[in-house]
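Colleague: Okay, here's the prediction I keep looking at, along with the sequence it came from:
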Amino acid sequence: MPPSLLRLVSNRRFIACKSAMTDLSLIRNFSIIAHIDHGKSTLADRLIQRCGGLSDREMKDQVLDSMDIERERGITIKAQTVRLTYPAKDGKTYTLNLMDTPGHVDFAYEVSRSLAACEGSLLVVDASQGVEAQTLANVYQAIDNNHEIIPVLNKIDLPAAEPEKVRKQIEDVIGLDASNAVLISAKTGLGIDDVLEALVTRLPPPKGDTEAPLRALLIDSWYDAYQGVVTLVRVKDGVLKAGLKVRMMSTGAAHVIERVGVFTPKGLVVPELGPGEVGFIIAGIKEVADCRIGDTITDDRRPAPEPLPGFKPSVPVVFCGLFPVDAADYPNLRDSLAKLRLNDASFQYEPETSAALGFGFRCGFLGLLHLEIIQERLEREFNLDLITTAPSVVYRVYLTNGEMKELHNPADMPEVTRIEKIEEPWIKATILVPDEYLGPILKLCEDRRGEQIDLTYAGNRAMLVYRLPLNEVVFDFYDRLKSVSRGYASFDYQVDAYREGDLVKLSILVNGEPVDALACIVHKTHAEQRGRALCTRLKELIPRQLFKIAIQAAIGAKVIARETVSALRKDVTAKCYGGDITRKRKLLEKQKEGKKKMRQYGSVEIPQSAFLAALKMGDD
Ligand SMILES: Nc1nc2c(ncn2[C@@H]2O[C@H](COP(=O)(O)OP(=O)(O)OP(=O)(O)O)[C@@H](O)[C@H]2O)c(=O)[nH]1
């Protein structure tokens, strides 16, 4: 489960290495930035293979993507690092530290922390696809970090590859000189040596002072079942070695280092880590929460006067409730969340109680994909059956008494009479799409209350910049975007600003009882449509019972939609003839089992599947 590369080695103990610190001029720290699927992981694997990091037997497909889900979905979630040794054409042997970065918009934060630990980046662009929205987002972050950027055109083995066109596109759209871009095929290995040569000749070596007080940037930390907390650091000044007592500058907590090492990608214990080097430390730290990403680690006895500049903290933008289907699983869910958080500090949770769903947790995520991944890991790795409530954004509710409340859960919305105004987060979205799909995309953005800011063309590709309410994006925007563009549109966003909106809480009532788990906040103009759709859907999903069931959608006290489920008695024993009491009992037992999966609303029982289906529904 931990995303560490330690998992990849069958022998879980670290291998010891006696080599001393590397000369600064022979170090290059770099990351690979790319849009999803442009071949970043394939290139990383090739580099590892070329530099002899793993034997063929150990070389699994895409070593850097070590989590199962990553493998299946083919996306990179956690930023990871590998030290490579490269004998260059100039006769010197270089140490190359590769920081892998995720390409997806939800993980922009992880990209930023990898970039802060490097001096340069390889910008990988698929030569058959061209520049995409996330290429832009990532490259701008690299530029912000003063990176030297080497454009790499990948997949030139494909007949559809148009390297010259993409080279020009990089220059036109990004404004980056691509005349000396490296042409490669990460799949066949073509051009890999050119990439390595470009790294050593074009990237600057790191700067640092061995004699200065220790300053190491904490890049990542995770819990490893065998090693405990493993902390990934980039040393800026001074030297890290076993036995040294170090201090976390933000908290003042001190720990004695037990071991230092590097990933090759195997865990390799080394005597020390000097300036410019990236590696791990193990220091008897009990909890990952004690290791704040972006913190500076210093020598406890000779502390540095100033910490290094940290990272911008990641802020969860999407919230939802997670509830166990079986209430008895609650302690298990609580422990599992705590374990997941050990390895993912960007994910937040707190206990929540719902009249509908019982005890659970309100969880905050960096985005929808992050939510899906956490949910899937809980179900898969921890064997939990979960109900996820509709994702919601963080609203700012201004009350008539002058107070401002951040609302993470629609169920907590104050009385309408106490509300002065509600503000919602808006995003600035960049969409890149071939121009033939522009029409439906413009319509989609307009339907979602979008405001167009810009529309430009580079060749036959349109770059569209829109302001959109995040609330309209969290439901099914990605899916819709992909379907109306047949998968050709790429999308990236950043949270822009809070703006006042005509927002209302839509409640769903079943026989007069509000179902808190189905409450949502919607724009007034969409409320009726959504309310009606929810009622119709619930009518199909709630099984008929002994009495009539009224399903209503309401805003405050005003009912805006209604459906009725007519009465019926479901006699499960009807097909038993004669007096076969054991069979009758069995059937009744079975019915009871089924009922466990139901939730009681006043006198109405609603099956779990109805919640799930209703919650999955988009707003149109
Ligand atoms: N034909 C061809 N296919 C390639 C090449 N490089 C990568 N691919 C394929 O492109 C797909 C995506 O490659 P990945 O390396 O997983 O892409 P990535 O950028 O790491 O994607 P994420 O991890 O999702 O960010 C895979 O199916 C690769 O086999 C190449 O040079 N030529």
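Modeller: Perfect, I can see it now.

Colleague: and the residue of the stretch 401-550 of the chain at minimum distance from the ligand, how many residues sit next to it?
Modeller: Residue of the stretch 401-550 of the chain nearest the ligand, by Cβ to the nearest ligand atom: residue 490 (12.2 Å). For every residue, glycine as well, the C-beta is placed using N, CA and C. Residue 490: 25 surrounding residues under other Cβ atoms under 10 Å.

Colleague: What of residue 96?
Modeller: Counted with other Cβ under 10 Å, residue 96 comes out at 21.

Colleague: What helix or strand is the residue lying closest to it once chain neighbours are set aside located in?
Modeller: Nearest in space to residue 96, with sequence neighbours left out and distances taken as Cβ to Cβ, 6 or more residues apart in numbering, is residue 84 at 4.3 Å. Residue 84 belongs to strand 81-87 when assigned by DSSP states H and E.

Colleague: Give me the packing partners of that strand, helices and strands only.
Modeller: helix 40-50, strand 93-99, helix 192-202, strand 259-263, strand 278-282 (3 or more Cβ pairs under 8 Å, 6 or more residues apart in numbering; DSSP states H and E).

Colleague: what's the most buried one of these?
Modeller: Across those, the average number of neighbours (mean count of other Cβ atoms under 10 Å) peaks for strand 278-282, which reaches a mean of 26.

Colleague: Downstream of that strand, the next helix or strand is which one?
Modeller: On the C-terminal side of strand 278-282, the closest following helix or strand by DSSP H and E is strand 296-299.

Colleague: and the helix or strand just after that following strand, average pLDDT?
Modeller: As assigned by DSSP H and E, the chain's next helix or strand after strand 296-299 is strand 318-324. Taken as a whole, strand 318-324 carries a mean pLDDT of 88.

Colleague: Where do the helices of the stretch 151-300 of the chain begin and end?
Modeller: Assigned by DSSP state H, counting those that start in this stretch, the stretch 151-300 of the chain shows helices spanning 163-169, 192-202.

Colleague: Make CSV out of these and add mean pLDDT and distance to residue 462.
Modeller: Converted to CSV, those look like this (pLDDT from 0 to 100; distance: least, Cβ to Cβ, whole Å):
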stretch, mean pLDDT, distance to residue 462
helix 163-169, 93, 13
helix 192-202, 96, 31
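
Colleague: which one of the ones you listed lies closest to the ligand?
Modeller: Nearest to the ligand among those is helix 192-202 (10.2 Å), distances taken as Cβ to the nearest ligand atom.

Colleague: from the chain's centre, how far out does that closest one sit?
Modeller: Taking Cα atoms, centre = their mean, to the nearest Å, one finds the center of helix 192-202 at 31 Å from the center of the full chain.

Colleague: circling back: how confident was the prediction at the residue of the stretch 401-550 of the chain closest to the ligand?
Modeller: pLDDT recorded at residue 490 is 80.

Colleague: other SSEs contacting the strand or helix carrying residue 463?
Modeller: Taking DSSP H and E as the definition, residue 463 sits inside strand 461-469. If you count contacts as 3+ Cβ pairs under 8 Å, 6+ apart, strand 461-469 packs onto strand 419-434, helix 438-447, strand 451-458, strand 490-500.

Colleague: From the ones you listed, pick the one with the highest average neighbour count.
Modeller: strand 419-434 (a mean of 20).

Colleague: And for the residue nearest to residue 124 when sequence neighbours are not counted, the neighbour number?
Modeller: Leaving aside its chain neighbours, residue 124 sits nearest to residue 34 (3.8 Å; criterion: Cβ to Cβ, 6+ apart). Neighbour count for residue 34, taken as other Cβ under 10 Å: 26.

Colleague: mind checking how far residue 493 is from residue 133?
Modeller: Applying Cβ to Cβ, to the nearest Å, the value for residue 493 to residue 133 is 9 Å.

Colleague: hey, what's in contact with both of these two?
Modeller: Jointly contacting residue 493 and residue 133 under the rule Cβ atoms under 8 Å, 6 or more residues apart in numbering are residue 430.

Colleague: angle of the longest helix along the chain against helix 438-447?
Modeller: Longest helix in the chain, counting residues (DSSP state H): helix 524-541. Helix 524-541 runs at 100 degrees relative to helix 438-447, counting by axes from the mean of the first three to the mean of the last three Cα atoms, to 10 degrees.

Colleague: need the contact list for residue 25.
Modeller: Counting by Cβ under 8 Å, 6+ apart, residue 25 makes contact with residue 205.

Colleague: how close does it get to the ligand?
Modeller: 30 Å (Cβ to the nearest ligand atom, to the nearest Å).

Colleague: can I assume that residue sits in a strand?
Modeller: No - read with DSSP: H, G, I helix; E, B strand; the rest coil, residue 25 is helix and lies in no strand.

Colleague: Which pLDDT does the model give it?
Modeller: On pLDDT, residue 25 comes in at 91.

Colleague: Good, we can wrap up now.
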